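Novice: 3D, please:
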Amino acid sequence: MPDLHHQATPSPLVGVSYVMPVLNDATHVRAAVESILAQDYAGPVEVLIALGPSIDGTAELVADLAARDTRVRVLENEVGSTPAGLNIGIRAAQHDVVVRVDSHSMLPSDYSRIAVETLERTGADNVGGIMDARGETAFERAVAIAYTTKVGLGGSAFHVGGEEGPADTVYLGVFRRAALERVGLFDEAIKRGQDWELNRRLRETGGTVWFTPALGVTYRPRSTLERLARQMFSTGLWRGELARRFPSANGIRYFVPPVMVVGVVLGLAVGIAGIVQAALGVAPWLLLGFAVPLVYLLFVVVAALVYARGRGVGTAAWFLVVLPCIHVSWGVGFVLGYLALTSNIAGHTGR
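Specialist: Just a heads-up that it's a prediction; the model follows:
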């Protein structure tokens, strides 16, 4: 096994390569790149944008960014997927530290400095922090609340915070390039959840994945209900695929949304059978099935009262829609992915 005892090097001298896959995201990519270029990190840096085939003006936008700053390079990502773009950027990287950046994210100015210091202090292969979701519209603010509470995306430390220390996975990640090369980079067959899967391999080969709440990344949620549903369905689909592939490496929280979806569907079916009983003059005891969706509805209302109260009427109203959208889309996707239907569906769900 490779030597995993990393030698400390002075932080200002460690080169950092920022790798950002981009596909049809002209709305957010400029702000994301500007947040990288505004870092207070003292070492040499480069920004590698892996550009997928885009039709919304993203190509022209990133070309302009590269023309304005020699630290920015645009790389062609013909496949267009996130893991393919990440691997293209990593292979082209000139420096020893690789910072994964998402086009929907904005790094605080001290992000890289703290991350490199943490890499050196802990000897970890990957360090990361909190996905600090923040919305600008009432809808986006409702999504942000769901992202950052346990009732929304399950309560992982990188969503809701927690104590510093070893973790299963972290948001985005700041990696030692040598560690990425040790495990063979990202698995390009996994279109979502590739971070979790790569971190699993890092840990299996003796490395450490380190979470620190000192690192926070501003994340812009999807701006419409349709985009949110597509994102959650695709994420759930691949989460189900990973749960099937690696059954012993999954926490119980991943199974809560699919169990809820199955329970609500069965409850509705049984309740409808109760209506048929009543129509036939039989004691309609199957109407009790409606208790399951009613309990879930009550859960959503209580969650809105607890987490969205005081955030504005529009945000609270959207939260009542956003939370079921996340649960149902993610849960349905998980069930289909767990049933090994990922390859048949993934191509129709978008990035």
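Novice: switch to C-alpha atoms for all contacts and neighbour counts from now on
Specialist: Fine.
Novice: gap between residue 234 and residue 281?
Specialist: 44 Å (Cα to Cα, to the nearest Å).
Novice: Same question for residue 108.
Specialist: 66 Å.
Novice: who's more crowded, these two?
Specialist: A side-by-side neighbour count of residue 108 and residue 281, using other Cα atoms under 10 Å, places residue 108 first with 16 against 9.
Novice: Surely the more buried one is in contact with residue 37?
Specialist: No - under the contact definition of Cα atoms under 8 Å, residue 108 does not touch residue 37, with a separation of 10.7 Å.
Novice: check contacts around the most far-flung residue of the chain relative to its centre.
Specialist: Outermost residue of the chain with respect to the C-alpha centroid, by Cα atoms, centre = their mean, is residue 281; its distance is 51.2 Å. Residues touching residue 281, when contacts are defined by Cα atoms under 8 Å, 6 or more residues apart in numbering, are absent altogether.
Novice: Helix or strand for it, just tell me which one.
Specialist: Residue 281 belongs to no helix or strand when elements are defined using DSSP states H and E.
Novice: With residue 127 instead?
Specialist: Secondary-structure element containing residue 127, defined by DSSP H and E: strand 126-133.
Novice: and the helix or strand just after that strand, what does it pack onto?
Specialist: Toward the C-terminal end, the helix or strand that comes next after strand 126-133 (DSSP H and E) is helix 138-147. Based on contacts counted as 3 or more Cα pairs under 8 Å, 6 or more residues apart in numbering; DSSP states H and E, the elements that helix 138-147 packs against are strand 126-133, helix 150-153, helix 313-338.
Novice: So which elements touch the shortest one?
Specialist: Helices and strands touching helix 150-153, as assessed by 3+ Cα pairs under 8 Å, 6+ apart, comprise helix 138-147, helix 313-338.
Novice: who does the last one touch, helix- and strand-wise?
Specialist: Under the contact criterion of 3+ Cα pairs under 8 Å, 6+ apart, the helices and strands touching helix 313-338 comprise helix 138-147, helix 150-153, helix 225-245, helix 256-279, helix 291-303.
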